[in-house]
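In: requesting a structural model of the entry that follows:
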Amino acid sequence: MAGELSGAALHPQSAVRGARRNATAWLLIAPSCLALVLLFVVPIAYVLLLSVTDPRHSLAHYQRIFTVPVYTRVMVNTFVTSVIVTALCLVIGYPFAYVMARRAGWVSTLLLTIVAMSFWTGFLVRTYAWLVILGSKGPVAAAYGALGLGTAPQLLFSTFSSTLGMTHILLPYMILALYASMRKIDASHLKAAASLGARPAAAFREVFLPLSLPGVVNGSLLVFVSCLGFFVTPVLLGTPRDMMISQLINQQIEELLAFGFASAVAVVLLIATCAVLAIYNHYAGLDRLWG
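Out: Numbers count the residues shown, from 1 in each chain. You can find the predicted model right below:
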């Protein structure tokens, strides 16, 4: 009986302590939640509201996006360009990451340092570097002249230069995603395949490649979603014919002051990005992006 009374007496104290811990936890996360609401939820809600109220309440802006061929072509071009850039990053980055993961010692360290150095240089600087390299007085034009090939072709302000610049900027993200996945692959798996008579090519195809697919998916997602919203590089290196969604939004705001239509385009871009993330989350899980 005495034990029951003492337990009953202690129970309110434990409840009070639990309530205090919960209150402390809420107080700790309250500033972060407030910042998220003010910096993300409120602006997105305002953009969504503006897209259906400026200049009047209607869905005309969304209808215009999907019925006017010019804007439809911008949407299609954005997704096609993002797919191409993602494919190029994967083709270039996979062997690079493979060497980094499989080779030990100074080779892996050197390659990892080269990749990391790209993050120490702003993407605007890297974009301007391509302006110099591909310019009429750059090293490419000089090489054409030195080899006697005549006048160098027009490389700047083209689909090629824009795609090249975006691939260069986003390639490190693909390489690091692949590298993180490949480093987790146990080398004993390949040794086991070799002991069973598999040639190196067959061991890579049947063992290493399937195990590295999570890195392929993660890197492709990062590159694709980032490319959807690219702005500076297509503006500086590309042409108006290859306009992307971010350029369309900037044009509608700065040149035409069409805030409602620009908001509708931004909402479409946001929905498309969320759809891509939802598909990835359904089949893989967003938690796998962080290992």
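In: how is the protein partitioned into domains?
Out: If you go by automatic domain parsing, the domain ranges for the chain are 1-53, 59-290.
In: need the winner for burial among those.
Out: domain 59-290 (a mean of 16; mean count of other C-beta atoms under 10 Å). Every C-beta, even on glycine, is put in place using the N, C-alpha and C of the backbone.
In: just how off-centre is it within its chain?
Out: Distance, stretch centre to chain centre, for domain 59-290: 8 Å (C-alpha atoms, centre = their mean, to the nearest Å).
In: pLDDT score for residue 222?
Out: pLDDT for residue 222: 90.
In: between the domains of the chain, which gets the lowest average pLDDT?
Out: domain 1-53 (a mean of 75).
In: which other residues reach stretch 87-99?
Out: Residues outside stretch 87-99 that contact it (C-beta atoms under 8 Å, 6 or more residues apart in numbering): 107-108, 111, 115, 163, 167, 170-171, 173-176, 178-179, 182, 215-216, 219-220, 223.
In: hmm, 10 Å instead?
Out: 100, 107-108, 111-112, 114-115, 163-164, 166-183, 204, 208-209, 212, 215-216, 219-220, 222-224, 227 (C-beta atoms under 10 Å, 6 or more residues apart in numbering).
In: do the same with stretch 244-252
Out: 61, 65, 70-71, 74-75, 77-79, 81-82, 162, 166, 227-235, 238, 240, 243, 258-266, 268-269, 272.
In: residue 186 contacts residue 101, correct?
Out: No - taking contacts as C-beta atoms under 10 Å, residue 186 lies outside contact range of residue 101: 11.7 Å.
In: which residue, other than its chain neighbours, is closest to residue 198?
Out: Distance criterion C-beta to C-beta, 6 or more residues apart in numbering; nearest residue to residue 198, sequence neighbours excluded, is residue 206 at 6.8 Å.
In: could you pull out the helices for this protein?
Out: Taking DSSP state H as the criterion, the chain carries its helices at 2-36, 42-53, 60-67, 69-102, 106-117, 123-133, 139-146, 159-182, 187-195, 200-203, 209-228, 232-237, 245-254, 259-283.
In: what's the angle from the fifth one to helix 69-102?
Out: Regarding helix 106-117 and helix 69-102, their directions subtend 150 degrees when assessed with axes from the mean of the first three to the mean of the last three C-alpha atoms, to 10 degrees.
In: ditto for the second one
Out: For the pair helix 42-53 and helix 69-102, the angle between their directions (the same axes, to 10 degrees) equals 150 degrees.
In: ok, back up a step: now distance to residue 153 too, for the helices of the chain, in a markdown table please.
Out: Output for the helices of the chain, formatted as a markdown table (distance: least, C-beta to C-beta, whole Å):
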| stretch | distance to residue 153 |
| --- | --- |
| helix 2-36 | 49 |
| helix 42-53 | 41 |
| helix 60-67 | 35 |
| helix 69-102 | 20 |
| helix 106-117 | 29 |
| helix 123-133 | 14 |
| helix 139-146 | 8 |
| helix 159-182 | 9 |
| helix 187-195 | 44 |
| helix 200-203 | 37 |
| helix 209-228 | 25 |
| helix 232-237 | 15 |
| helix 245-254 | 24 |
| helix 259-283 | 33 |
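In: nearest to residue 152, of the ones you listed?
Out: Closest approach to residue 152 among the helices of the chain is made by helix 139-146 (4.0 Å; C-beta to C-beta).
In: what helices or strands is the closest one leaning on?
Out: Judged by 3 or more C-beta pairs under 10 Å, 6 or more residues apart in numbering; DSSP states H and E, the packing partners of helix 139-146 are helix 123-133.
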